Structures are given as C-alpha cells and as structure tokens.
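>>> turn this into a model:
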Amino acid sequence: MSDRFIGSGNSEPEEIRASIYLKLHKHPNFSKLCALAFYNDLFDVMPGLRPMFGSMDGQIRMFSMLVEVVTSTSDQQEEMEHRLRQLGRKHAEIGVTSLHMKVARSCLLKAVTESCPELDELELDYFGTCYMKIVSAMNEQAPILIVPSPD
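Predicted coordinates:
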C-alpha cells in the first residue's frame, strides 16, 4: 500500500476525512453541484479550456472520483490510485498543463466552499492537500503535468 495519500495510517487525517465524508453526505447532490460550480468557474477563468473537455455528464463522473478519493479510507487507496493513473493519462491526452492544474485548484476550493459551506478551514486544507497528491499521482503517469505549488 502506498503512503501517497493522506489517511494511510495517520489518525488525524482519518478523522478529518471522516468529518468531510459526513458533511458531504448531508448534501446528496454535492458532487454534481460542486462539479458544475467548479467547471463553470474554471471555464469563466480560462475559456480556452472548454473545448478540451467532453460532456458535462462525463466531467461530473470524473469529479465524483475526486470526491471519492478525498473521502476514501486507507483500505480503498489501491483502487483509488489505479483510477487516478487512468485519469492522469486522460488529462495528458487532452493537453492539460501545470497552469491549468494551478487554476483548477483555486476553482476546486471555491466550488467546495460554496457547495458545502459547513466545511471548516482544516477540512478545506485537506481537500487542497488531497488535490495536490492527486496531481502528483497523475504526474507519475503523465509527466507533462507539473505539480503546481500551493498558493
């Protein structure tokens, strides 16, 4: 099992993950609403990205994977890592760059905050840290993606 993701053997991140999981599940449409807010903001900030992406239904499914990774337990990490490698290849195929990933991180945290306002600062930081680890996992499969430095 890789130590790549938060939550593998560290109780504090597991408690944060569990808290996020409970809060997000109070919002049955969180993934869909958050994904729509995320992509709307991303395409407003970088309209040239829109043609790189397929249907919003497909994007919502991929966004749901991000939420699954953030809320996954350590025993689910291997499956999540496999899915992230696939996602990394897909992003490389469509031409995602490090600038796109940096902008996407800001849009992600904004969308998460708007879609689940009860998340506290520590939980939002966990989301951001998981995002960075996801980008790192994607970079292993798609080296053209460069991990953006946190803001």
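>>> just name the shakiest helix or strand of this protein by mean pLDDT.
When the helices and strands of the chain are scored by mean pLDDT, DSSP states H and E, helix 77-94 comes last with a mean of 72.
>>> my read: residue 131 touches residue 111, true?
No: because the distance of 11.6 Å does not satisfy C-beta atoms under 8 Å, residue 131 is recorded as not touching residue 111. Glycine gets a C-beta too; all of them are placed from N, C-alpha and C.
>>> ok and the lengthiest helix in the chain relative to helix 77-94, angle-wise?
When the chain is parsed with DSSP state H, its longest helix is helix 121-141. Here helix 121-141 runs at an angle of 60 degrees relative to helix 77-94 (axes from the mean of the first three to the mean of the last three C-alpha atoms, to 10 degrees).
>>> show me what helix 121-141 is packed up against.
Using 3 or more C-beta pairs under 8 Å, 6 or more residues apart in numbering; DSSP states H and E as the contact definition, the elements that helix 121-141 packs against are helix 11-24, helix 56-71, helix 77-94, helix 98-115.
>>> in JSON lines, list those helices along with mean neighbour count.
Converted to JSON lines, these look like this (neighbours: other C-beta atoms under 10 Å):
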{"stretch": "helix 11-24", "mean neighbour count": "16"}
{"stretch": "helix 56-71", "mean neighbour count": "17"}
{"stretch": "helix 77-94", "mean neighbour count": "16"}
{"stretch": "helix 98-115", "mean neighbour count": "18"}
